[in-house]
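Undergrad: From the sequence below, what's the structure:
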Amino acid sequence: MDDTGENPANARLRLSYQVFCELHSRAWLAFARTRIGNRADAEMVVAAMTAELALQWQHALRHPVPAAYAWRLLKSQLNEWDWNQDELTVEATTFAVVINRFKELAGDSLRSEADQVGLYSAILALPDRQRDVVILRYVLDLDDQEIAAYLDRPVETVRSNLRHARERLARRLGISELPDRRAER
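TA: All right, here's what the predicted structure looks like:
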């Protein structure tokens, strides 16, 4: 026991959980906001996810990639939240978040409202893996290694998913390629 009466093993476990949450909470919250559209509800979903993660922390640590385990918990909480919401309101706020970020990245390609709606529908039509990679990369600005850790996939798979998603989005929009200002940085 230490000065607080806490077992050292429990103290290490609690500390590792707190550090893990601090390290990943920005991405969790940002991703939740892209799905939900408002900060208060996104914070509520992330709080529910971190509470569940706290209960499962020892199990999560045994997972080969704890960040991927936490990511699945977040997606599960988001799906549960979505189930109880007005789909039209969620779609409208999510649309605004995603399109504003893509306008910064794509520049002149998204001038008209029709182009913006087309891009958003194309993103929604992507397979789940490609959609996650697109959101993590272009909306949350995570690098390939961070995305790979969240999704528990090799970096090469993340890059392949991203390339295929960009090709698919460009085809749906009827353009040769989707500009990527992020790559120019």
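Undergrad: Tally up the residues packed near residue 34, please.
TA: Residue 34: 18 surrounding residues under other CB atoms under 10 Å. In this view, the C-beta of every residue, glycine as well, is placed from N, C-alpha and C.
Undergrad: Distance of it relative to residue 171?
TA: Distance, residue 34 to residue 171, using CB to CB, to the nearest Å: 23 Å.
Undergrad: Ok, residue 26 next?
TA: Distance, residue 26 to residue 171, using CB to CB: 33 Å.
Undergrad: now swap in residue 157 and tell me
TA: Counting by CB to CB - residue 157 and residue 171 are separated by 21 Å.
Undergrad: Then residue 48?
TA: 37 Å.
Undergrad: higher neighbour count, these two?
TA: Neighbour count, other CB under 10 Å: between residue 48 and residue 171, residue 48 has more, with 17 against 13.
Undergrad: Leaving aside the residues adjacent along the chain, what's closest to the more buried one?
TA: residue 77 (5.2 Å; CB to CB, 6 or more residues apart in numbering).
Undergrad: what about the one you found, how many residues close to it?
TA: 22.
Undergrad: so it touches residue 43, yeah?
TA: No. In this structure, residue 77 is not within contact of residue 43 by CB atoms under 8 Å, at 11.8 Å.
Undergrad: Tell me the backbone dihedrals of residue 142, please.
TA: Main-chain torsions, residue 142, degrees, to the nearest 10: phi -90, psi 150.
Undergrad: Report the contact partners of residue 44.
TA: Residue 44 makes contacts with residue 81, as judged by CB atoms under 8 Å, 6 or more residues apart in numbering.
Undergrad: And it, how far from residue 116?
TA: Going from residue 44 to residue 116 by CB to CB gives 28 Å.
Undergrad: Next up, the contacts around the residue nearest the centre of the chain.
TA: Central residue of the chain (CA atoms, centre = their mean): residue 31, 3.7 Å from the mean position. Taking CB under 8 Å, 6+ apart, we find residue 31 in contact with 74, 135-136, 140.
Undergrad: Now tabulate the residues you listed in JSON lines and tack on pLDDT, distance to residue 176 and neighbour count.
TA: As requested, these are exported to JSON lines (pLDDT from 0 to 100; distance: CB to CB, whole Å; neighbours: other CB atoms under 10 Å):
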{"residue": "74", "pLDDT": "95", "distance to residue 176": "35", "neighbour count": "24"}
{"residue": "135", "pLDDT": "84", "distance to residue 176": "23", "neighbour count": "23"}
{"residue": "136", "pLDDT": "86", "distance to residue 176": "25", "neighbour count": "25"}
{"residue": "140", "pLDDT": "80", "distance to residue 176": "26", "neighbour count": "19"}
